[in-house]
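Participant: Generate coordinates for the sequence data below:
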Amino acid sequence: AIPTFAAFAVEFMAWYRQNHRPRSFERSVSAIKALVPMFGSMPLDQITTLAVERYKRDRLHKGRAPNTVKHELELLHHMLRTAVRWEILAKHPAPDVAPPKVDQPRTRVLSLEEEALLLAACSDHLRPLVQFALHTGLRRNELCSLTCADLRRYPGFVVVESQTAKSRRARRIPLTPTAL
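Facilitator: Residues are numbered from 1 along each chain as shown. Coordinates of the predicted model:
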């Protein structure tokens, strides 16, 4: 028998937790919570393109950000592709739903005044870390994972190792005089 979406979600998320980063898993848990009210009681093979289009329309109409809905739909498609790969489904039941259009945000750089206000609001022990982050563009996880060796390996650069980087690719970031 074909499992319901909710039953499959339990098994899928157990697998997902083992095969993805914790932050990715956390985002996916919130997406599952949004998907279950619409699809939870449906057998996987009865999820149709029309049902997914209605879900997309309803979520956007309720004011959810297009990027949030896009992530939810990506997870749904990943789940259905996995069900095919695990031979629970013969084929993906709703492969043709286009994600909502998402405007690409502009890269925003703090003004010198904003930077000064941010640094002034930091405690003494946090200020150097925030300043280093501002001048390198490192993500929180990358910053917290740095070792002294990452700073010493290439003078004038910081190294982000592949296992730490979001893209899973190592990179060298030049250090500004302020970051040094």
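
Participant: distance of L118 from L73?
Facilitator: Here L118 is placed at a distance of 35 Å from L73 (C-beta to C-beta, to the nearest Å). From N, CA and C alone the C-beta is placed, and that goes for glycine too.

Participant: Let's verify P37: helix, strand, or coil?
Facilitator: With DSSP: H, G, I helix; E, B strand; the rest coil as the basis, P37 sits in helix.

Participant: Quick one: the strands in this structure, in order.
Facilitator: 157-160, 171-174 (DSSP state E).

Participant: Please identify the most buried of these.
Facilitator: strand 157-160 (a mean of 20; mean count of other C-beta atoms under 10 Å).

Participant: what does it rub up against?
Facilitator: Strand 157-160 is contacted by residues 136, 138, 142, 146, 150-151, 153, 170-175, 179 when judged by C-beta atoms under 8 Å, 6 or more residues apart in numbering.

Participant: Buried ones among those residues?
Facilitator: Neighbour-count burial (16 or more other C-beta atoms under 10 Å) applied to the contacts of strand 157-160 gives T136, L138, E142, L146, D150, L151, I173, L175, A179.

Participant: Who are the packing partners of the helix or strand bottoming out on mean pLDDT in the chain?
Facilitator: Within the chain, no helix or strand scores below helix 148-152, which has a mean of 77 by mean pLDDT, DSSP states H and E. Secondary-structure packing of helix 148-152 (3 or more C-beta pairs under 8 Å, 6 or more residues apart in numbering; DSSP states H and E): strand 157-160.
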